[in-house]
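**Q** Give me the fold of what follows.
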Amino acid sequence: MNKITGNEPAMARQSLKQSGGQRIDVDFNYVEDGTPGLTIRQHFAALAMQGMFGKVNLDFINVQTVAECAVDAADALINELNKNRPFL
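**A** Numbers count the residues shown, from 1 in each chain. Okay, here's the model as predicted:
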């Protein structure tokens, strides 16, 4: 199993270009402008933040703390996914 760093594109899309009327594969990970969009780490952190904001009273929340916790959660998930063990 390949290890992930978290810097890989979260939503890889195949980019296609035409060459002499024939469509050819260019790159699976990057869109037409060469950028990968959100990384896996950014995507995981955003999902964690979404879950945290859904569970708290926003009047009493420090958004910086939530952001830091979300990044920590994303990193923890990436570390767990990189452990060599069978998935259930």
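
**Q** which residue ranges form the helices in this protein?
**A** 40-53, 63-81 (DSSP state H).

**Q** Highest mean neighbour count out of those?
**A** Most buried of those by mean neighbour count (mean count of other C-beta atoms under 10 Å) is helix 40-53; its value is a mean of 17. Heads up, the C-betas are built off the backbone N, CA and C, glycines and all.

**Q** what's the angle between it and helix 63-81?
**A** Interaxial angle of helix 40-53 relative to helix 63-81 (axes from the mean of the first three to the mean of the last three C-alpha atoms, to 10 degrees): 130 degrees.

**Q** for helix 40-53, packing partners?
**A** helix 63-81 (3 or more C-beta pairs under 8 Å, 6 or more residues apart in numbering; DSSP states H and E).

**Q** where in the chain is pLDDT low?
**A** 1, 12-36, 85-88 (pLDDT under 70).

**Q** Can you tell me the closest non-neighbouring residue to Phe53?
**A** Val66 (6.8 Å; C-beta to C-beta, 6 or more residues apart in numbering).

**Q** Now do the contacts for the one you found.
**A** 49, 52-53, 56 (C-beta atoms under 8 Å, 6 or more residues apart in numbering).

**Q** what's the span of stretch 45-65, first residue to last?
**A** End-to-end distance of stretch 45-65 (C-alpha to C-alpha, to the nearest Å): 13 Å.

**Q** What lies in contact with it?
**A** Contacts for stretch 45-65 (C-beta under 8 Å, 6+ apart): 38, 66-67, 69-71, 73-74.

**Q** just these now: which is nearest Thr5?
**A** Among the contacts of stretch 45-65, Ala74 lies closest to Thr5 (C-beta to C-beta), at 11.9 Å.
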